[in-house]
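A.B. asks: when you get a sec, could you give me coordinates for this:
(one chain, ligands or ions: 1)
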Amino acid sequence: MENFEPEIVAFCCHYCAYTAADMAGSKHIYYPANVKIIRVPCTGKVDTIHIMKAFEKGADGVYVAGCLEGDCHFKNGNTRAKYRVEQVQNILKDLGWEIERLEMINMSAGMGERFASTALEFTKKIKQLGPSPIKIINTEKHQQVAD
Ligand code: FES
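C.D. replies: Predicted structure coming up:
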């Protein structure tokens with residue numbers, strides 16, 4: 001798995017993490033291209049099905065990045081997101097997956113450096129974990145068809 005480049009989906013709140021990503025970009029702070037950002041109006045809009053779909057479609061890791069606790073523009077969207085992330089972590093655990101493939105992160109709009117370091121650290125972690133179990137199964141299926 002030396003050359004494994006993980007696919008990572010980051011659901012980013014428009015008011016904080018997305019703006020922080022923008023700031024990282026405008027300050028030319030490096031973060032890995034492995035992270036694909038999906039902008040959401042608030043992390044409270046991220047449902048369990050969205051996270052599961054991201055894994056189903058090939059993400060090796062997913063994180064939900066919302067406003068700092070107590071700073072959600074819709075009062076408790078980030079609290080709901082945290083609860084949903086925990087729910088999906090329990091599902092992953094039941095499936096025998098590493099729960100570290102999913103994380104809830106909080107930051108403010110001004111944290112461009114934090115956005116970049118989070119993206120970097122999360123990518124490193126998923127690289128160490130290797131491809132998601134779905135990806136491994138799909139690769140094996142393709143090899144069987146090709147054989
Ligand atoms: Fe940012 Fe709710 S508005 S998490």
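A.B. asks: only C-alpha atoms for contact and neighbour calcs from this point on.
C.D. replies: Noted.
A.B. asks: so where do the helices sit in this protein?
C.D. replies: 17-26, 48-56, 77-95, 112-129, 133-146 (DSSP state H).
A.B. asks: between helix 133-146 and the third one, find me the angle.
C.D. replies: Which is helix 77-95. Calculated by axes from the mean of the first three to the mean of the last three Cα atoms, to 10 degrees, helix 77-95 forms an angle of 50 degrees with helix 133-146.
A.B. asks: name the helix or strand of the chain that has the lowest mean pLDDT.
C.D. replies: The helix or strand of the chain with the poorest confidence is helix 133-146; it has a mean of 80 (mean pLDDT, DSSP states H and E).
A.B. asks: can you give the distance of that helix from its chain's centre?
C.D. replies: Centre-to-centre, helix 133-146 and its host chain are 23 Å apart (Cα atoms, centre = their mean, to the nearest Å).
A.B. asks: again with stretch 4-19
C.D. replies: 6 Å.
A.B. asks: these two touch, right, F11 and I38?
C.D. replies: Yes - between F11 and I38 there is a contact under Cα atoms under 8 Å: 4.8 Å.
A.B. asks: between the two, which one's more packed in?
C.D. replies: F11 (28 against 13; other Cα atoms under 10 Å).
A.B. asks: got the residues of the chain near the ligand?
C.D. replies: 13, 15-16, 42-44, 66-67, 72-74, 77-78 (Cα under 6 Å from any ligand atom).
A.B. asks: put together CSV for these, with neighbour count on each row.
C.D. replies: Shown next, in CSV, are the residues of the chain next to the ligand (neighbours: other Cα atoms under 10 Å):
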residue, neighbour count
C13, 32
Y15, 21
C16, 27
C42, 23
T43, 29
G44, 22
G66, 32
C67, 25
C72, 20
H73, 14
F74, 12
G77, 23
N78, 29
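A.B. asks: where does this protein dip in pLDDT?
C.D. replies: Within the chain, the ranges that satisfy pLDDT under 70 run 1-2.
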